[in-house]
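Novice: please find the sequence and the predicted model below.
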Amino acid sequence: MLGWLSKLYHRLIHRVIPWVSAAVVLLLLLLLYLISDSLRSADRLESLYLWLLGGSAAGILFLLVVVIGHVIQLVRNYRRSVTGARLTARLVLTFIALSAIPVLIVFYFSLNFVQRGIDSWFDVRVEQAMGDALALSRLSFDGQMHDALDQTRRAARSLSGVSGDLLAVELNNLRRTTNAHEMTIFGSRNLILASSSDDPRAILP
């Protein structure tokens, strides 16, 4: 009874495995297409990228187990001198020898494609981050320029009615109030009317 069930089990396995393997191959092709599409448009399938890689790895692992199982069965048949085992072994070795070079070529170009896709994906993000940082720096610089210009205009209005010796005193007080490092008032023909600096060694600006 157990022997009959074992034979039935092996027959079912041998019938089911080819169909399952074919389905896994088709699924792998679909996953490879989705992965290549996600590399071209990272925003659309970014959340599924790890799942796609995991599914591809699981499919490849299944096919690898199936191939190893068939190789083990072939080695057993070869050692037992089962009819057709030697011919099958020669055909398998010939197939491996003929397919090794194309597989290596495809693997090489696929690896380059994945590396370029990942590099372009990160390049886009880095470029976008640098652009955002540059735009933020420009906005901050423009804001500081406007603030400095407003302070300069207010200082000019506050000193508009001051003249003579009081001009230097008021300018020095204004510089301390605004925390400026240096202030200078120019008259006509760019003549210096008054100057104030937080560096006592500075005589002229």
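Specialist: All right, it came through fine.
Novice: among the helices and strands of the protein, which has the poorest mean pLDDT?
Specialist: Lowest on mean pLDDT, DSSP states H and E among the helices and strands of the chain sits helix 42-45, with a mean of 56.
Novice: and after that helix, which helix or strand comes next?
Specialist: Following helix 42-45 in sequence order, the next helix or strand is helix 49-79 (DSSP states H and E).
Novice: so which elements touch that following helix?
Specialist: helix 2-40, helix 85-158 (3 or more C-beta pairs under 8 Å, 6 or more residues apart in numbering; DSSP states H and E). Just so you know, the C-beta spots here come from the backbone N, C-alpha and C atoms, and that holds for glycine as well.
Novice: helices or strands up against the next helix or strand after the last one?
Specialist: Using DSSP H and E, the helix or strand that directly follows helix 85-158 along the chain is helix 166-178. Counting contacts by 3+ C-beta pairs under 8 Å, 6+ apart, helix 166-178 packs against helix 85-158, strand 182-186, strand 192-197.
Novice: mean pLDDT lowest for which of the helices and strands packed on helix 49-79?
Specialist: Least confidently modelled of the helices and strands packed on helix 49-79 is helix 2-40, at a mean of 64 by mean pLDDT.
Novice: quick one: end-to-end distance for stretch 151-169.
Specialist: From its first residue to its last, stretch 151-169 covers 18 Å (C-alpha to C-alpha, to the nearest Å).
Novice: residues contacting it, please?
Specialist: Stretch 151-169 has contacts (C-beta atoms under 8 Å, 6 or more residues apart in numbering) with 170-171, 174, 178, 183, 185, 193-196.
Novice: select only the buried ones of the residues you listed in PyMOL?
Specialist: The PyMOL selection below is limited to those of the contacts of stretch 151-169 classed as buried (16 or more other C-beta atoms under 10 Å):
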select buried, resi 170+171+174+183+185+194+195+196
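Novice: from residue 92, how far off is residue 85?
Specialist: According to C-beta to C-beta, to the nearest Å, residue 85 and residue 92 sit 10 Å apart.
Novice: so what's in contact with these two at the same time?
Specialist: With C-beta under 8 Å, 6+ apart, residue 85 and residue 92 have common neighbours residue 74.
Novice: give me the more crowded residue out of the two.
Specialist: Neighbour comparison, residue 85 and residue 92: the larger count goes to residue 85, with 17 against 13 (by other C-beta atoms under 10 Å).
Novice: the more buried one against residue 91, yeah?
Specialist: No - taking contacts as C-beta atoms under 8 Å, residue 85 lies outside contact range of residue 91: 10.8 Å.
Novice: list residues touching both of those two?
Specialist: Taking C-beta under 8 Å, 6+ apart as the criterion, residue 85 and residue 91 do not both touch any residue.
Novice: ok, how many other residues are close to residue 153?
Specialist: Neighbour tally, residue 153, other C-beta under 10 Å: 10.
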